[in-house]
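Asks: Predicted model follows, preceded by the sequence.
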Amino acid sequence: MSLRIAFAPLAALLAAGCATVPERPATTPVRPGFVIAANPLAAKAGMDVLQRGGSAADAAVAVQAALSLVEPQSSGIGGGAFMTYYDARSGKVMVYDGRETAPAGATPTMFIGPDGKPLPFATAVLSGRATGIPGAVRMLETAQRAHGRLRWSELFEGTAVLAEQGFAISPRLGRMLGGKYPQLTAPDVVKYFSKPDGTRLKVGDTLQNPVYARFLRRLASGGADVLYKGETAARIVERVRQGPFESSMTMADFARYRPLKREALCREWQSYTACVPPPPSSGVSTLQLLQMLGRTDIASRGPNDAQAWYLFAEASRLMYADRDRYVADPAFVKVPVEGLLDPAYVASRAALIGPSAGPPPVAGTPPGAAPVGADRTLEPAGTSHFIVGDSAGNVVSMTTTVESIFGSGRMVDGFFLNNQMTDFSFSPVEEDGRPAANAVAGGKRPRSSMTPLILIDGQGRFAGAFGSPGGSAILAYVGKTMVGAVYWKLPVQEAIDLPNLVARGPSFGGEVDKFPAGVVAGLAAKGVALKPGQGEDSGVHAVMIRPDGSIDGGYDKRREGVVLVDERRTPVRR
């Protein structure tokens with residue numbers, strides 16, 4: 001179901017040029033609440049909260065708690081997240097950074113094996129060193145305290161009951177369980193997803209998690225301290241200090257973890273202002289991609305034009321070259337954010353798009369850039385995304401992850417631990433001794449491709465939200481959808497449904513069978529030989545306010561997304 005809702009009152013406010021939402025009389029219709037999430041059960045958990053009078057921040061807590069249960073391969077209580085939040089009363093956009101941090105004892109060489117070479121990813125992801133201090137729960141608590149309407153203790157019971165009673169294994173979770181991921185060999189994964197006879201659960205089988213239900217009830221009554229202090233933190237520390245390659249994590253690492261409220265990184269784009277999280281998120285790269293494309297004629301083309309997709313591919317490669325070189329935790333390295341978005345620099349990068357694809361582009365030298373080494377970070381296609389809007393007009397766009405499929409494959413209290421430390425570069429320095437910007441360091445946040453985005457219009461009003469899972473491909477998925485929805489003025493669902501094309505370095509991956517034959521041939525003639533194998537598992541969620549005041553939204557049918565709307569408040573036009 002796509003989302004298409006008409007709002008005459010909202011259209012009137014836009015026409016009047018209001019900078020903030022005025023107080024509405026009790027009899028005035030208000031915007032309905034909506035939830036767009038990657039699993040129907042998680043979306044329902046959020047909608048239940050909205051219908052009990054909860055805010056977007058309240059519902060976000062409930063959605064995350066449910067995703068940890070029903071989509072454990074992608075995100076969870078044991079992971080991290082970035083939330084981009086639109087406050088309707090003030091018209092401001094703010095960012096809550098719940099990215100995991102490395103233990104204080106982490107070292108730049110912790111993923112270097114005894115042979116002096118980087119560990120194989122399959123070895124690193126299953127190791128104790130893969131896990132960082134989880135940040136999602138503490139971040140959600142911080143955001144909910146600032147923007148919630150309900151009590152924290154009221155946000156978890158629905159998922160606790162679901163965990164006790166059990167739920168049917170969904171097709172996507174079942175597909176993950178039938179894959180060839182290293183985590184499927186982990187003892188905790190084997191035990192959790194096995195029937196009494198030792199065979200693995202499959203699609204349609206019931207999965208119960210009473211241990212998680214008990215944890216959620218403790219979390220509801222005790223707040224985030226239940227995860228960061230006491231028995232749960234101790235169990236996590238004990239679990240990750242088991243080999244192979246045990247972690248240096250301590251209880252002190254949990255005690256010192258703090259989520260960060262950051263200034264949103266915003267730039268004008270088309271008739272909007274696009275706002276994203278700053279580094280260590282890769283939001284700056286999303287903005288750079290959009291601004292490079294703005295210096296081409298892609299807007300005058302369309303989805304059946306090979307040249308349009310060629311421009312997208314080449315701009316993507318330039319963006320990734322810069323992103324991979326420079327984006328990291330700004331508390332540890334100088335990230336040239338202003339330089340990457342400097343109009344003259346963006347224009348110089350866009351000017352490198354020639355008539356045909358050449359060798360992989362190298363990183364440029366944006367103003368203010370310090371010399372850093374090349375990056376060796378691997379980013380599997382995990383993660384989840386959701387969008388929540390409440391009746392007051394507040395909106396959450398949140399990308400959340402345990403990194404790879406089922407994180408590190410280790411469980412504590414019914415949830416999986418993240419493998420976020422493998423989002424650092426395994427090789428800390430180049431041969432010439434230059435350090436990689438995204439090298440490991442104690443207390444450091446690893447670079448993230450997550451880029452939950454919010455658009456605001458010229459009057460400071462909410463205009464749209466976008467986001468996706470997908471590892472490094474997130475930037476391409478979000479960029480493609482925004483091109484379709486804004487440049488090509490497609491309905492949001494059609495923009496999400498557009499074929500994916502992920503161009504990074506020498507690789508041109510995409511959904512070959514979804515492109516018109518003429519586009520594939522036209523791209524090949526320009527040196528862009530699309531190959532399957534990347535781009536088939538996006539999970540884009542998006543919503544936009546259209547000029548007539550209607551809300552246009554959709555979900556990615558490549559996963560198990562759903563749009564739920566509080567239809568008690570207003571009719572829905574589909």
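Replies: In hand now; what should we look at?
Asks: and the residue nearest the centre of the chain, bridged to which residues?
Replies: Centroid check for the chain by C-alpha atoms, centre = their mean gives T399 as the closest residue, at 2.9 Å. Beta-bridge pairing for T399 (DSSP bridges): F82, H385.
Asks: So, low pLDDT: which residues of this protein?
Replies: Low-confidence segments of the chain (pLDDT under 70): 1-30, 373-381, 431-432, 534-536, 569-574.
Asks: got the buried residues for stretch 359-372?
Replies: Buried residues in stretch 359-372, defined by neighbour count with 16 or more other C-beta atoms under 10 Å: 361, 363-364, 366, 369, 372. C-beta here means a position set from N, CA and C on the backbone, and glycine is covered the same way.
Asks: how about these in CSV, adding distance to Q208 and secondary structure?
Replies: Converted to CSV, the buried residues of stretch 359-372 look like this (distance: C-beta to C-beta, whole Å; DSSP: H, G, I helix; E, B strand; the rest coil):
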residue, distance to Q208, secondary structure
P361, 50, coil
A363, 49, coil
G364, 53, coil
P366, 52, coil
A369, 52, coil
V372, 48, coil
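Asks: Following element in sequence after whatever helix or strand G518 lives in, please.
Replies: Here G518, judged by DSSP states H and E, is contained in helix 517-525. Counting by DSSP H and E, the next helix or strand C-terminal to helix 517-525 is strand 541-545.
Asks: what's the spacing between that following strand and its chain's center?
Replies: Chain-centre distance of strand 541-545: 15 Å, with C-alpha atoms, centre = their mean, to the nearest Å.
Asks: helices and strands around it, which ones?
Replies: The contact analysis (3 or more C-beta pairs under 8 Å, 6 or more residues apart in numbering; DSSP states H and E) places strand 541-545 against strand 34-37, strand 384-389, strand 462-467, helix 492-497, strand 551-555.
Asks: where does S316 sit relative to Y310, distance-wise?
Replies: To Y310, S316 is 11 Å away according to C-beta to C-beta, to the nearest Å.
Asks: Same question for R99.
Replies: Separation of R99 from Y310 (C-beta to C-beta) stands at 34 Å.
Asks: before we move on, which element is the closest residue in space to A363 that isn't next to it in sequence in?
Replies: Nearest residue to A363, sequence neighbours excluded (C-beta to C-beta, 6 or more residues apart in numbering): R325, at 3.7 Å. Secondary structure from DSSP H and E places R325 in helix 306-326.
Asks: thinking again about what came up before, okay if I get the buried residues of stretch 359-372 as TSV plus distance to F515?
Replies: Formatted as TSV, those follow (distance: C-beta to C-beta, whole Å):
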residue	distance to F515
P361	23
A363	29
G364	29
P366	33
A369	36
V372	36
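Asks: ok, of the residues you listed, which one's closest to L219?
Replies: Closest approach between these and L219, by C-beta to C-beta: V372, at 39.5 Å.
Asks: ok, how many other residues are close to Y96?
Replies: When neighbours are defined as other C-beta atoms under 10 Å, Y96 has 28 of them.
Asks: Same check on T286?
Replies: 29.
Asks: Q165 too?
Replies: 11.
Asks: Got the phi and psi for the closest residue to it other than its chain neighbours?
Replies: Leaving aside its sequence neighbours, Q165 sits nearest to Q208 (C-beta to C-beta, 6+ apart; 7.1 Å). Dihedral angles of Q208 (phi, psi; degrees, to the nearest 10) stand at phi -110, psi 150.
Asks: tell me the contacts of Q208?
Replies: Counting by C-beta atoms under 8 Å, 6 or more residues apart in numbering, Q208 touches 163-166.
Asks: Among those, name the ones in helices.
Replies: Among the contacts of Q208, DSSP state H puts 163-165 in helices.
Asks: Make TSV out of those and add distance to A65.
Replies: Converted to TSV, the ones in helices among the contacts of Q208 look like this (distance: C-beta to C-beta, whole Å):
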residue	distance to A65
A163	9
E164	14
Q165	15
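Asks: ok, the residue nearest to the centre of the chain - contacts?
Replies: By C-beta under 8 Å, 6+ apart, the neighbours of T399 are 81-82, 383-385, 450-452, 467-469, 474.
Asks: which one among those residues gets closest to D413?
Replies: Closest approach to D413 among the contacts of T399 (C-beta to C-beta): A81, at 18.6 Å.
Asks: if I look at the nearest residue to the closest one once chain neighbours are set aside, how far off is V61?
Replies: Of all residues not flanking A81 in the chain, T400 sits nearest, at 3.7 Å (C-beta to C-beta, 6+ apart). Distance of T400 to V61, given as C-beta to C-beta: 11 Å.
Asks: who has more neighbours, those two?
Replies: T400 (32 against 29).
Asks: what about the closest residue to A485 other than its chain neighbours, how many neighbours?
Replies: Leaving out its chain neighbours, the residue that sits closest to A485 by C-beta to C-beta, 6+ apart is A495, at 4.0 Å. By other C-beta under 10 Å, the residues close to A495 number 25.
Asks: what helices or strands is the helix or strand in which G509 is found leaning on?
Replies: In the assignment (DSSP H and E), G509 maps to strand 507-510. Applying 3+ C-beta pairs under 8 Å, 6+ apart, one finds that strand 507-510 makes contact with strand 501-504.
Asks: contacts for the strand it packs on?
Replies: With contact meaning C-beta under 8 Å, 6+ apart, strand 501-504 is reached by 309, 312-314, 316-317, 320, 472-473, 476-477, 480, 508-511, 528, 530, 534-535.
Asks: go on, stretch 229-248?
Replies: 78, 103-106, 110, 119, 123-124, 126-129, 131, 134, 215, 218, 226-227, 249-251, 254-255, 408, 410-413, 417.
Asks: which ones among the residues you listed are found in helices?
Replies: Short answer: the contacts of stretch 229-248 in helices (DSSP H) are 123-124, 215, 218, 226-227, 251, 254-255.
Asks: so can I have CSV of those showing distance to K195 and neighbour count?
Replies: Converted to CSV, the ones in helices among the contacts of stretch 229-248 look like this (distance: C-beta to C-beta, whole Å; neighbours: other C-beta atoms under 10 Å):
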residue, distance to K195, neighbour count
T123, 29, 15
A124, 30, 24
F215, 23, 24
R218, 28, 17
V226, 31, 20
L227, 30, 26
M251, 36, 14
F254, 34, 22
A255, 39, 12
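Asks: which among those gets closest to P72?
Replies: Nearest to P72 among the ones in helices among the contacts of stretch 229-248 is F215, at 13.3 Å by C-beta to C-beta.
Asks: The closest one reaches G222, doesn't it?
Replies: No - with contact defined as C-beta atoms under 8 Å, F215 does not reach G222; the gap is 10.5 Å.
Asks: Tell me where the stretch 201-350 of the chain has strands.
Replies: Secondary structure of the stretch 201-350 of the chain by DSSP state E, counting those that start in this stretch: the strands cover 206-207, 260-263, 265-269, 272-276.
Asks: again, but for the stretch 51-200 of the chain
Replies: Taking DSSP E, counting those that start in this stretch, the strands of the stretch 51-200 of the chain run over residues 80-87, 92-98, 167-168.
Asks: possible to save the ones you listed as TSV with distance to G539?
Replies: Formatted as TSV, those follow (distance: least, C-beta to C-beta, whole Å):
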stretch	distance to G539
strand 80-87	14
strand 92-98	19
strand 167-168	19
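Asks: Mind checking those for the one nearest to G554?
Replies: strand 80-87 (18.6 Å).
Asks: Remind me what that closest one packs against, helices and strands.
Replies: If contacts are counted by 3+ C-beta pairs under 8 Å, 6+ apart, strand 80-87 sits against helix 56-70, strand 92-98, helix 136-147, strand 395-401, strand 453-456, strand 462-467.
Asks: what about dumping the CA coordinates of it to CSV?
Replies: Output in CSV follows, covering the C-alpha atoms of strand 80-87 (Å, rounded to 0.1, in the frame of the first residue of the first chain):
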residue,chain,number,x,y,z
GLY,A,80,23.3,1.6,16.6
ALA,A,81,21.4,4.2,14.7
PHE,A,82,21.1,7.8,13.3
MET,A,83,17.9,9.7,13.8
THR,A,84,17.0,12.8,11.8
TYR,A,85,14.2,14.6,13.6
TYR,A,86,11.9,17.3,12.3
ASP,A,87,10.2,19.4,15.1
